Every structure is written in structure tokens, then in C-alpha cells.
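Participant: Okay, structure incoming, though there's no sequence with it:
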């Protein structure tokens, strides 16, 4: 299938605990149910082990730490798109520069920013365990967060409701 016939990839972004993986998986299922070829990719699985170890120790990653991870994420988006499927990627992509890197290989990337307050996300995090992302890094996540700009193909999606409500909101705005 030619790249031009594949719908733009979707980046489900937000701070840790915002529901990126859960929403991304549900969104992918909804797209497939609508007859679209879609594949979910959790960017967490693309981190080098050194990054996972650093986060597990409660140490925030630097931009230098993230560079090989972002390269792998960008390559994976392009690979899925070339296969004829729409890529749905869960990726924090907290800084504009990170999203710009992903757009180098996917200029039509659409960003669904999962938008929630620090209090809501802290509450959600208190009920889950992440393999290598401790709750202690939540403040650094919010400090790093650069909300998508008006010049980015994006939408802020409130996460106050259920996963189904969040997915419905994304589906309503997807290109």
C-alpha cells in the first residue's frame, strides 16, 4: 500500500500516568473496528535498558538520554506507516523538540495530548505500578511538559472521563 493512502500517524502524548498506553491501545482497537488498518506501539518498549535503569532509580532522563529512544520511536512510526497501517504511538513526547524529532520522519503526525491536572494524575498514579517510572518523577514530568503549540497538528483531550470517553473525543477530531 502506498504511503499516501495511509492515514496520519497518531501520537498519544502526556505525562506519566495520563493514560497514554491504555488510551492508545483502546484507540487502536476502535480504529480497527472502523475498518482502518492500525497498529499500536508503546514507546516505553523502545527505551534502551540504560534509560529504564535510570528512571527506575528515580533519575529523570536528559535530552541526550532520550536521543536514541526518539530515533527508535521515529523509525518505528515510519516502519508501521510504510507497512500500510496507521501508527498509534503512546509516547510522553513532553518537549516540542521531541515531537519535532518524531515529525522528521512523520511530518503529518497528529498529536492527541492527554490533558489532566497534576492532582488527577497523582491520584491515578497512586493506584498503579509502572515497571520503571516511579511516582517520584511526576513533578519532573510536569516541569518538562511543553504543551503542543497552535502550529502543531494537535488537540488537547481532557482525561477526566472514562477511557471510552477519551477515545471518542480523539476519534471525533482525528484527521
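Facilitator: Now that the structure is in, tell me what you want to look at. Since the model is a prediction, treat every value here as computed from it, not as a measurement.

Participant: Every contact and neighbour count from this point should use C-alpha atoms.
Facilitator: Noted.

Participant: distance between the ends of stretch 84-96?
Facilitator: Terminal residues of stretch 84-96 lie 27 Å apart, using Cα to Cα, to the nearest Å.

Participant: And stretch 71-91, by the same measure?
Facilitator: 13 Å.

Participant: Mean confidence (pLDDT) on that stretch, please.
Facilitator: Stretch 71-91 shows a mean pLDDT of 97.

Participant: what does it contact?
Facilitator: With Cα atoms under 8 Å, 6 or more residues apart in numbering as the test, stretch 71-91 has contacts from 1-3, 5-14, 20-21, 24, 27-28, 36-44, 46, 101-106.

Participant: average model confidence for the one helix or strand residue 55 maps to?
Facilitator: Element membership for residue 55, per DSSP states H and E: helix 49-56. For helix 49-56, mean pLDDT rounds to 87.

Participant: Which positions in it come out as buried?
Facilitator: 51-52, 55-56 (16 or more other Cα atoms under 10 Å).

Participant: Is it correct that residue 96 is in contact with residue 146?
Facilitator: Yes: using Cα atoms under 8 Å, residue 96 makes contact with residue 146 at a distance of 6.2 Å.

Participant: and the longest helix that the chain contains, how far out from the chain's middle?
Facilitator: Longest helix in the chain, counting residues (DSSP state H): helix 63-82. Remark: helix 63-82 is offset 12 Å from the chain centroid, using Cα atoms, centre = their mean, to the nearest Å.

Participant: quick one: that helix to helix 49-56, angle?
Facilitator: With axes from the mean of the first three to the mean of the last three Cα atoms, to 10 degrees as the basis, helix 63-82 and helix 49-56 are set at 120 degrees to each other.

Participant: which residues of this protein fall in helices?
Facilitator: Counting by DSSP H, the chain has helices at residues 20-33, 49-56, 63-82, 96-105, 118-125, 138-144, 163-173.

Participant: Ok, which of those comes nearest residue 152?
Facilitator: helix 96-105 (9.2 Å; Cα to Cα).

Participant: Tell me the buried residues in the closest one?
Facilitator: Neighbour count says helix 96-105 has 98-99, 101-103, 105 buried, by 16+ other Cα under 10 Å.

Participant: same check, this time on stretch 29-36
Facilitator: Neighbour counts over stretch 29-36 (16+ other Cα under 10 Å) mark 29-31, 36 as buried.

Participant: Let me have the helices of the chain in TSV, adding distance to residue 88 as columns.
Facilitator: TSV is the format used below for the helices of the chain (distance: least, Cα to Cα, whole Å):
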stretch	distance to residue 88
helix 20-33	6
helix 49-56	22
helix 63-82	8
helix 96-105	13
helix 118-125	22
helix 138-144	22
helix 163-173	12
